[in-house]
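Chemist: Fold the following for me, if possible:
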Amino acid sequence: MTSEDEMKRQVSIVIPSYNGKELLSKFLPGVITAMERIRRDNNEIIIIDNGSTDGTGEFLKGMGKSVTVITLKGNSGFARACNLGIEIAKHDIVILLNNDVEVREDFIYPLLEGFDRDDTFAVVARSLLPHADMRNESITIGSFEEERFQLLRLGLGDEKIEHAQTCTNLYAAGGFSAFHKEKFLKLGGFDSLYFPFYWEDVDISYRAWKMGWRIIYEPRSVVYHHSHGTISREYLPEYIDLIYMRNRYLFIWRNLNDEKIIKAHAENLLQQEKSGWEGKNSLERKAFFEAFRKIRDVMARRESIVQESRLMDEEILKISANMRLE
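Modeler: This next block holds a predicted model:
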C-alpha cells in the first residue's frame, strides 16, 4: 500500500470504559495522537462510558471534539458496549481498544493494510505486557487437549515465541484489534452469552473462521497492554477465574462440531461427574454447572453455526496456527 492509499483509509476507534478515568487520562492522549497522524478529518474516536461513577464523564468533556462520548446509564458489560460502538461507527474498519492499552503513534497503518484482502475479518496488533517482561500476548493458536479446548498464547511461554512476519492467528483480541464492521455485524457482534467478560472475542473470531474469513496477526502494529486494569479492580480473582472457566465450556458447546471432539468431551464430562470430579479443582466443577445453566441458549445459537459453517474444526485449528501470509 502506498502512503497516498494509507491516507485515504478511514477508521473508527472504539474504547469501552467502566470507571476508567485514571487509565483514560494516561492512555487516551496517545490514541488521539495516533489518530491525528492519519490526517483525515472524518476519522473518529468513540468512548463508550459504561455507566462509570468515577468522574469519567467530566474528564471526557475536557477532551473537547477529539472524542465522541456515548454515556450509558449502567454497566452493560464489555460485549454490549463494544457492539454499540461498532454499530454507530462511521467507517468500515473499527479498531477496538481497551482503556488500559497504550499505543505507539504509528500503530494504525499496519492494521489497515491487512484489509487489502477481501477475506480479512480482523487484524490483531502485537500487544506487549510491560508488567511481564514485554511478553507478547497476541500470538495464539488453538488445540483440543485433555478433552477441552486449549487457548495457547505462544508469546507468554518460557520460549517467548515471536513472529516477524504477518501470519494467521486464532483470534483477534477485543482490546487491541481492528475489525471489518460489516462482517462483525453479520456475525451478530460479541455475544452477551459470555457476560460479563472473556471469550467473546475468541468466539466471534472462531465463528469468522467458520465462515472462511481470516484473522491476521500484524507484528508491525505495537501496543502495550497494562493488563486487566479495570477487571482486577472490580472483581475478585476467584470470580474472574470462574467466569473464564465457565465461558470456555460455553465456547466449546456453542462452536465445536467435530464428532470425535464432541464425543471425547462428553465422555470426559460424564466420567468426571461420576467420580465426583476427583482430582479436579472445585472451581472447575462450579464453572461447569454455571455453564450448564445456559445450555438452552447455547443450543439455540449452535444450530445456526452448524448450518452456516464452511470450515470444520480440524481445518480451522490448522490454518489459524500462525501460517505465514505472502
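Chemist: Low-confidence stretches in this protein?
Modeler: Scanning the chain for pLDDT under 70 picks out 1-8, 40-41, 146-147, 158, 228-230, 279-280, 305-307.
Chemist: rerun at 80
Modeler: 1-9, 39-41, 145-148, 157-160, 227-234, 274, 276-281, 303-309, 326 (pLDDT under 80).
Chemist: what's the burial count for the residue nearest to Leu269 when sequence neighbours are not counted?
Modeler: Of all residues not flanking Leu269 in the chain, Phe288 sits nearest, at 7.1 Å (Cβ to Cβ, 6 or more residues apart in numbering). C-beta here means a position set from N, CA and C on the backbone, and glycine is covered the same way. Neighbourhood size, Phe288 [other Cβ atoms under 10 Å]: 18.
Chemist: next one: the helix or strand that contains Phe288 to chain centre, how far?
Modeler: Assigning secondary structure by DSSP states H and E places Phe288 in helix 282-292. Here the centre of helix 282-292 is set off from its chain's centre by 23 Å, with Cα atoms, centre = their mean, to the nearest Å.
Chemist: Check stretch 304-316 too.
Modeler: 20 Å.
Chemist: what ranges do the strands span in this structure?
Modeler: 11-17, 44-50, 68-72, 93-97, 101-103, 120-129, 135-136, 140-145, 148-153, 167-168, 176-180, 214-225 (DSSP state E).
Chemist: just those: most buried one?
Modeler: strand 176-180 (a mean of 28; mean count of other Cβ atoms under 10 Å).
Chemist: what angle do it and strand 214-225 make?
Modeler: Here strand 176-180 runs at an angle of 150 degrees relative to strand 214-225 (axes from the mean of the first three to the mean of the last three Cα atoms, to 10 degrees).
Chemist: JSON lines for the strands of the chain, including distance to Thr33?
Modeler: Listed next are those as JSON lines, based on distance: least, Cβ to Cβ, whole Å:
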{"stretch": "strand 11-17", "distance to Thr33": "12"}
{"stretch": "strand 44-50", "distance to Thr33": "11"}
{"stretch": "strand 68-72", "distance to Thr33": "17"}
{"stretch": "strand 93-97", "distance to Thr33": "13"}
{"stretch": "strand 101-103", "distance to Thr33": "9"}
{"stretch": "strand 120-129", "distance to Thr33": "16"}
{"stretch": "strand 135-136", "distance to Thr33": "23"}
{"stretch": "strand 140-145", "distance to Thr33": "29"}
{"stretch": "strand 148-153", "distance to Thr33": "29"}
{"stretch": "strand 167-168", "distance to Thr33": "28"}
{"stretch": "strand 176-180", "distance to Thr33": "17"}
{"stretch": "strand 214-225", "distance to Thr33": "13"}
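Chemist: who wins for proximity to Leu24 among those?
Modeler: Leu24 sits nearest to strand 11-17 of all the strands of the chain, at 6.1 Å, using Cβ to Cβ.
Chemist: And the contacts of the closest one?
Modeler: 23-24, 28, 31, 35, 38, 43-50, 52, 56, 78, 81-82, 85-86, 89-91, 93-99, 108, 112, 178, 181, 230 (Cβ atoms under 8 Å, 6 or more residues apart in numbering).
Chemist: mind saving the C-alpha coords of stretch 107-124 as PDB?
Modeler: What follows is stretch 107-124, C-alpha atoms only, in PDB (Å, rounded to 0.1, in the frame of the first residue of the first chain):
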ATOM      1  CA  PHE A 107       0.200   1.500  15.200                       C
ATOM      2  CA  ILE A 108      -2.800   2.200  12.900                       C
ATOM      3  CA  TYR A 109      -1.400   1.900   9.400                       C
ATOM      4  CA  PRO A 110      -0.200  -1.700   9.600                       C
ATOM      5  CA  LEU A 111      -3.600  -2.800  10.900                       C
ATOM      6  CA  LEU A 112      -5.300  -1.100   7.900                       C
ATOM      7  CA  GLU A 113      -3.100  -2.900   5.400                       C
ATOM      8  CA  GLY A 114      -4.500  -6.200   6.400                       C
ATOM      9  CA  PHE A 115      -7.900  -5.300   5.000                       C
ATOM     10  CA  ASP A 116      -6.500  -5.200   1.400                       C
ATOM     11  CA  ARG A 117      -7.600  -8.900   1.400                       C
ATOM     12  CA  ASP A 118     -11.300  -9.300   0.900                       C
ATOM     13  CA  ASP A 119     -11.500 -12.300   3.300                       C
ATOM     14  CA  THR A 120     -10.000 -10.500   6.300                       C
ATOM     15  CA  PHE A 121     -12.200 -10.400   9.300                       C
ATOM     16  CA  ALA A 122      -9.800  -8.800  11.800                       C
ATOM     17  CA  VAL A 123      -6.200  -7.800  12.300                       C
ATOM     18  CA  VAL A 124      -4.600  -8.100  15.800                       C
END
